[in-house]
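Asks: sequence-free structure coming up:
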Ligand code: DLL
């Protein structure tokens with residue numbers, strides 16, 4: 001079984017020694033091979049001699065997405081291109097895309113991390129693993145593909161989309177494990193139940209990530225598919241999925257700390273914060289060769305937990321990210337995270353198919369939330385729908401403190417996504 005117990009359950013003082021050793025090697029590697037970051041270090045008055053252990057990490061300058069854009073395409077690579085075997089890229093819609101490079105060692109390390117996730121979710125060589133994440137520049141397909149091979153699952157490289165074929169293969173081939181975005185899993189569940197084929201499937205677990213999803217959404221997926229749904233986190237800049245993953249306890253994602261060192265910093269002052277504080281998640285890649293980032297600011301808002309986990313793994317856990325600092329909308333002067341709205345919708349029994357539309361008319365913000373109704377409610381009287389809209393407007397005002405125009409719309413009228421869902425249309429930016 002692909003369970004790296006000796007590392008995943010390692011004594012924490014040994015882990016710290018290992019991290020310190022890797023950090024010192026990595027600082028030297030970057031200083032010698034990445035002129036862009038060396039200049040940043042010099043500008044902060046730091047040399048490799050100043051970094052003696054993780055206690056000194058705070059001295060190193062942060063890396064942000066802007067640095068990656070500025071050094072595009074190869075300015076942050078720390079090895080010659082002849083040693084790289086692959087690139088992946090973020091799905092950024094504005095500005096330059098960010099690209100990340102990998103040596104074969106980096107690919108192995110990344111696939112190990114994802115393999116740990118599959119095994120922690122109960123996967124083994126007995127499983128038939130359908131990968132519904134996109135293949136290509138996006139890291140979802142490739143990361144799970146390699147990991148599924150490592151674990152020895154029978155791998156179905158479906159990629160995202162083509163729902164009819166996804167369902168047909170699931171039924172014909174006896175898929176037991178599903179890997180895709182949580183919003184696509186919800187859509188697949190909807191189709192499975194509509195077609196009445198749930199009893200014909202052998203699905204028992206799924207690993208869903210790449211976008212924020214709430215506990216209520218987990219419950220929906222688990223109940224509608226009759227499976228256990230596990231979270232996984234990662235980002236292209238650090239390799240892809242598998243930076244952290246959930247174990248059977250489903251209570252936070254264990255960070256692969258032998259490869260990634262996590263910090264939480266205050267998003268305004270950038271001061272490091274203690275465990276349990278909410279702030280921006282920052283990662284240092286300890287042993288990546290091609291694209292080794294120090295103190296990379298993810299913009300994900302999160303909390304770290306160093307309490308021991310019942311599963312025996314000793315690596316610390318991160319909570320589900322509560323949104324991104326750059327996802328935060330400021331509407332009528334109030335900070336609004338889409339995840340807050342989703343929480344209200346699901347807790348009140350609505351589906352998570354919603355869209356937030358923000359605009360600016362006559363110098364003031366307009367704020368509309370479109371939410372799909374179930375077929376039965378939608379077929380009800382207009383006055384009943386108005387009543388539901390009024391009630392939901394009140395619930396959302398209680399959560400956010402501002403009034404949104406709630407529109408309950410027909411089932412299936414909000415476009416489904418096969419990858420990451422598009423929840424916000426901010427016309428003020430268009
Ligand atoms: O989304 C990698 C990935 C693929 C993760 C498949 C999990 C599964 P990017 O496209 O670079 O990489 O996007 C990274 O997605 O900074 C978070 O904002 C968000 N994200 C990723 N996983 C989660 C998660 C992949 N489990 C960005 N919960 C990150 C919440 C997530 N947000």
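Replies: The structure has been received and is ready for your questions. None of these values were measured; they are calculated from a predicted model.
Asks: Sort out which residues of stretch 417-430 are buried, please.
Replies: 417-421, 423 (16 or more other CB atoms under 10 Å). For glycine as for every other residue, the C-beta is placed from the backbone atoms N, C-alpha and C.
Asks: Kindly identify which of those residues also come near the ligand.
Replies: Contacts with the ligand are made by none of the buried residues of stretch 417-430, judged by CB under 6 Å from any ligand atom.
Asks: So what touches the top helix by length along the chain?
Replies: Looking across the chain with DSSP state H, the single longest helix is helix 12-33. Helix 12-33 is contacted by residues 10, 37-38, 41, 47-48, 51-54, 57, 60, 78-79, 257-258, 261, 284-287, 289, 292, 294, 314-315 when judged by CB atoms under 8 Å, 6 or more residues apart in numbering.
Asks: Any buried residues in that helix, and which?
Replies: For helix 12-33, a neighbour-count test (16+ other CB under 10 Å) marks 15, 18-20, 22-24, 26-27, 29-31, 33 as buried.
Asks: and that helix, average pLDDT?
Replies: What helix 12-33 shows for mean pLDDT is 98.
Asks: Please state the offset of it from the chain centre?
Replies: 26 Å (CA atoms, centre = their mean, to the nearest Å).
Asks: same deal with stretch 357-370?
Replies: On CA atoms, centre = their mean, the centre of stretch 357-370 falls 28 Å from that of its chain.
Asks: list the buried ones in it?
Replies: Residues 357-358, 365-367, 369-370 are the ones in stretch 357-370 that count as buried (16+ other CB under 10 Å).
Asks: which two in these are spaced the farthest apart?
Replies: Using CB to CB, the two most remote members of these are 365 and 370, lying 16.4 Å apart.
Asks: wait, what's in contact with residue 169?
Replies: Applying CB under 8 Å, 6+ apart, one finds that residue 169 lies in contact with 130, 156, 158, 175.
Asks: Okay, and the beta partners of the residue lying closest to the second one once chain neighbours are set aside?
Replies: Going back to what we said before, that points to residue 156. Once flanking residues are discounted, residue 156 sits nearest to residue 130: 4.4 Å by CB to CB, 6 or more residues apart in numbering. As for beta bridges, residue 130 partners with residue 156, residue 178 under DSSP bridges.
Asks: Which residue is the nearest non-sequential neighbour of the residue in the chain that the ligand sits nearest to?
Replies: Minimum separation of the chain from the ligand (CB to the nearest ligand atom) falls at residue 209, amounting to 3.1 Å. Excluding the flanking residues, the one nearest residue 209 by CB to CB, 6+ apart is residue 232, at 3.8 Å.
Asks: give the contact list for the one you found.
Replies: Contacts of residue 232 by CB under 8 Å, 6+ apart are 114, 117, 207-209, 241-242, 244-246, 253.
Asks: The helix or strand that contains it pairs with which strands, parallel or anti?
Replies: With elements taken from DSSP states H and E, the one containing residue 232 is strand 228-235. Next to strand 228-235 in the sheet, as set by DSSP bridges, lie strand 205-209 (parallel), strand 240-246 (antiparallel).
Asks: chain center to that strand: distance?
Replies: 7 Å.
Asks: Also stretch 277-297?
Replies: Using CA atoms, centre = their mean, the offset of stretch 277-297 from its chain centre is 15 Å.
Asks: Could you do stretch 402-416 as well?
Replies: 25 Å.
Asks: now do the same end-to-end measure for it.
Replies: End-to-end distance of stretch 402-416 (CA to CA, to the nearest Å): 28 Å.
Asks: That one: which residues count as buried?
Replies: Neighbour counts using 16+ other CB under 10 Å place 404, 406, 408-409, 411, 414 of stretch 402-416 among the buried residues.
Asks: Stretch 96-109 now?
Replies: Going by 16+ other CB under 10 Å, stretch 96-109 has these buried residues: 97-103, 106-107, 109.
Asks: what does it contact?
Replies: Stretch 96-109 is contacted by residues 65, 68-69, 72-74, 77, 79, 81, 83-92, 110, 146, 236-237, 239, 259, 287-291 when judged by CB under 8 Å, 6+ apart.
Asks: Same question for stretch 48-59.
Replies: By CB under 8 Å, 6+ apart, stretch 48-59 touches 16, 19-20, 23-24, 27-28, 31, 44, 46, 60, 261, 263, 272, 284, 294-295.
Asks: What are the boundaries of the strands in the stretch 201-350 of the chain?
Replies: Taking DSSP state E, counting those that start in this stretch as the criterion, the stretch 201-350 of the chain carries its strands at 205-209, 228-235, 240-246, 253-255, 260-265, 272-273, 278-285, 296-305, 317-318, 329-331, 334-336.
Asks: now, of these, which is deepest in the fold?
Replies: Most buried of these, by mean neighbour count (mean count of other CB atoms under 10 Å): strand 240-246, with a mean of 28.
Asks: how far off strand 296-305 does it point, in degrees?
Replies: An angle of 10 degrees separates the directions of strand 240-246 and strand 296-305 when computed by axes from the mean of the first three to the mean of the last three CA atoms, to 10 degrees.
Asks: what separates strand 240-246 from the chain centre, distance-wise?
Replies: Chain-centre distance of strand 240-246: 8 Å, with CA atoms, centre = their mean.
Asks: try stretch 312-322
Replies: 13 Å.
Asks: Buried residues, it. List them.
Replies: Neighbour counts using 16+ other CB under 10 Å place 313-322 of stretch 312-322 among the buried residues.
Asks: So the residue of the chain closest to the ligand is in contact with residue 184, correct?
Replies: No. Counting by CB atoms under 8 Å, residue 209 stays clear of residue 184, with 11.4 Å between them.
Asks: where does residue 60 sit relative to residue 291, distance-wise?
Replies: Counting by CB to CB, to the nearest Å, the gap from residue 60 to residue 291 is 16 Å.
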